[in-house]
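**Q** Structure here, sequence nowhere to be found:
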């Protein structure tokens, strides 16, 4: 067992985080806890690259596929679930190993979250109806008039975040950014943390993204996408990478090559944003290039 209380393994999509976490969990007697906002959804295990059933049988895996795509799953709910998973892992005498690619989840673990009051259902329903009526760009313009502090930092093409900021202002009369400036306690407060960032070379990551996405489609990813074709675009799960191009492929509106190219490009762009965020926000994480070393040697060299 490690002298640390928990391990964090972060990194962009397709970087090799899950494989690294599995190796470390087997060596140290760990339980792997998901820290990726898309891998929580049970209806898309292939498209979200959740660990296989065989891998999940090797060590305990928590918070994978435990949420419906119809749920408005938030970082606040993740913090609650992560706290419960932490208790579960420690009760089983397993080292908690958090791994994923969602920066806000890692912030919830190590820095805490804003204590935003729950949005009343009637306000949430009214805000969603307004979004459907006028569209995200117009709702962003309304938000800019109400809450320019928050709206100026949001893309007018992002329905999930624009809707969330609109709801919060309608419910509380305060800008979302003001709530975010007074965080609650982190999930992993006062714990000894081993922090690792998996960061392969850019050309290798690009190639891995392409090969993995092509394999996903062949292994059932297209069927998953078609089952989600009527998903409300305002739901968080609608941001699933490659979902829209694959639906277009399944409906015959795009040829396979073009659909895959669009999905792969979107995934690469997302991975680039993830990489930039992690490089800027995790200066105290030990860097691991999986093509130059492995998780065991990195852990032994830096945390043993």
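**A** Looks like it arrived, so ask away. The model shown is predicted, which means the values in this text are computed figures rather than measured ones. Residues are numbered from 1 along each chain as shown.
**Q** contacts and neighbour counts: CA atoms only from here.
**A** Fine.
**Q** Tell me the buried residues in the strand or helix carrying residue 165?
**A** Using DSSP states H and E, residue 165 maps to helix 159-172. Neighbour counts over helix 159-172 (16 or more other CA atoms under 10 Å) mark 159-171 as buried.
**Q** Going by neighbour count, which residues of the helix or strand that that helix is followed by are buried?
**A** Using DSSP H and E, the helix or strand that follows helix 159-172 in sequence is helix 176-180. Neighbour counts over helix 176-180 (16+ other CA under 10 Å) mark 176, 179 as buried.
**Q** tell me the mean pLDDT over the helix or strand following helix 176-180?
**A** Of the helices and strands lying after helix 176-180 in sequence (DSSP H and E), the nearest is strand 193-198. Throughout strand 193-198, pLDDT has a mean value of 97.
**Q** What lies in contact with strand 193-198?
**A** 4-12, 15-17, 278, 282, 284-290, 303 (CA atoms under 8 Å, 6 or more residues apart in numbering).
**Q** Quick one: the helices in this protein, in order.
**A** Counting by DSSP state H, the segments of the chain that form helices are 17-28, 53-58, 75-91, 103-110, 121-134, 136-146, 148-151, 159-172, 176-180, 202-216, 222-227, 243-250, 256-281, 295-303.
**Q** Determine the set of other helices and strands touching the longest one.
**A** Pointing back at helix 256-281 there. Helix 256-281 sits against helix 103-110, helix 202-216, helix 243-250, with contacts defined as 3 or more CA pairs under 8 Å, 6 or more residues apart in numbering; DSSP states H and E.
**Q** If we use 10 Å, what do you get?
**A** For helix 256-281, the elements it packs on are strand 6-10, helix 103-110, strand 193-198, helix 202-216, helix 243-250, judged by 3 or more CA pairs under 10 Å, 6 or more residues apart in numbering; DSSP states H and E.
**Q** circling back: from the contacts of strand 193-198, list the buried ones, please.
**A** 5-12, 15-17, 278, 282, 285-290.
**Q** Find me the pLDDT at the closest residue to residue 120 other than its chain neighbours, would you?
**A** The shortest distance from residue 120 to any non-neighbouring residue, by CA to CA, 6 or more residues apart in numbering, is to residue 171 (7.1 Å). With respect to pLDDT, residue 171 scores 88.
**Q** I'm done for today, thanks for sticking with me.
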